[in-house]
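Visitor: Sequence and predicted structure are below.
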Amino acid sequence: MFLVTLSVLLAALGFALVVSYTPRLSGVAVGAQEPIKALARKVYPVPHPVDGPRFADCANCHARGARFQSPANHQTFGNHTCGLCHAFPRPPEAVVEVADHTFGWRSPLGEAAKQHFNLPDRCVLLSSLEQVVTGEHCSVRPDGQVCVACHWAGRADGGVRLDNLEDKQDLIDRGYIEGFVSEQSVKPPNLKRLFADWQVRGYPD
């Protein structure tokens, strides 16, 4: 009985030590440059962001034989376990230059937006985002292409169709705006900034 009790106490003590030295489990805040104490050695925070495609798979740089090979006892660890001991830097917030714009799904873009987002076609002065996205006569792209030229039933580049949208919410619910402004998007930079501005303002009408 004594041995059983002693074993339980030792196990509880060991678990308490692991939790107290593991930032994700203990909840202890860790400074960006501060090494994290572990049971037998220092565990340093991850020195780079982990939200971009380059760092999506830790094995790209830390597999056996890679340039920054992880320790031998880490070889069986998956990406989802790294944060148990290593603190990740916060993902950078999306940087959006927010000006005093009033354009929206049904409100025209106007001169301020035309200048701010380098929109080439003067048609945008009287056009709303709805007219730009679903129409055939106004472009916000440097090459002059209208959105539905590449995104309709007969083509649908990237799986995006704009010729059958029901309304603004349909555009949002399909995930098109998230796709337009993402890092992986091949949209022109001015177009990404335009939709990111509309998104960060809460998709106004």
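Guide: Everything's here; your move.
Visitor: any idea how the chain splits into domains?
Guide: 2-84, 110-200 (automatic domain parsing).
Visitor: Include mean pLDDT, distance to residue 101 and mean neighbour count when you put those domains into CSV, please.
Guide: C-betas here are computed from N, CA, C, even on glycine. Listed next are those as CSV, based on pLDDT from 0 to 100; distance: least, Cβ to Cβ, whole Å; neighbours: other Cβ atoms under 10 Å:
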stretch, mean pLDDT, distance to residue 101, mean neighbour count
domain 2-84, 63, 27, 12
domain 110-200, 86, 5, 16
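Visitor: Identify whichever of those domains lies nearest to residue 102.
Guide: domain 110-200 (7.3 Å; Cβ to Cβ).
Visitor: Now do the end-to-end distance for that closest one.
Guide: Counting by Cα to Cα, to the nearest Å, you get 19 Å between the two ends of domain 110-200.
Visitor: re the thing from before, reformat the domains of the chain as TSV; add distance to residue 102.
Guide: What follows is the domains of the chain, written out as TSV (distance: least, Cβ to Cβ, whole Å):
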stretch	distance to residue 102
domain 2-84	32
domain 110-200	7
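Visitor: Do a quick rundown of the strands in this structure.
Guide: In order along the chain, the chain carries the following strands (DSSP state E): 36-37, 42-43.
Visitor: who's in contact with the closest residue to residue 171 other than its chain neighbours?
Guide: With Cβ to Cβ, 6 or more residues apart in numbering as the criterion, residue 171 has its nearest non-adjacent residue at 5.5 Å, and that residue is residue 165. Taking Cβ atoms under 8 Å, 6 or more residues apart in numbering, we find residue 165 in contact with 133, 134, 171.
Visitor: Quick check: phi and psi on residue 165?
Guide: Backbone torsions for residue 165, taken as degrees, to the nearest 10, come to phi -70, psi 140.
Visitor: Residue 142 versus that one, what's the distance?
Guide: Distance, residue 165 to residue 142, using Cβ to Cβ, to the nearest Å: 24 Å.
Visitor: Same check on residue 76?
Guide: Here the criterion is Cβ to Cβ. By it, residue 76 lies 49 Å from residue 142.
Visitor: what's near enough to touch residue 142?
Guide: Neighbour list for residue 142: 118, 120, 188, 190 [criterion: Cβ under 8 Å, 6+ apart].
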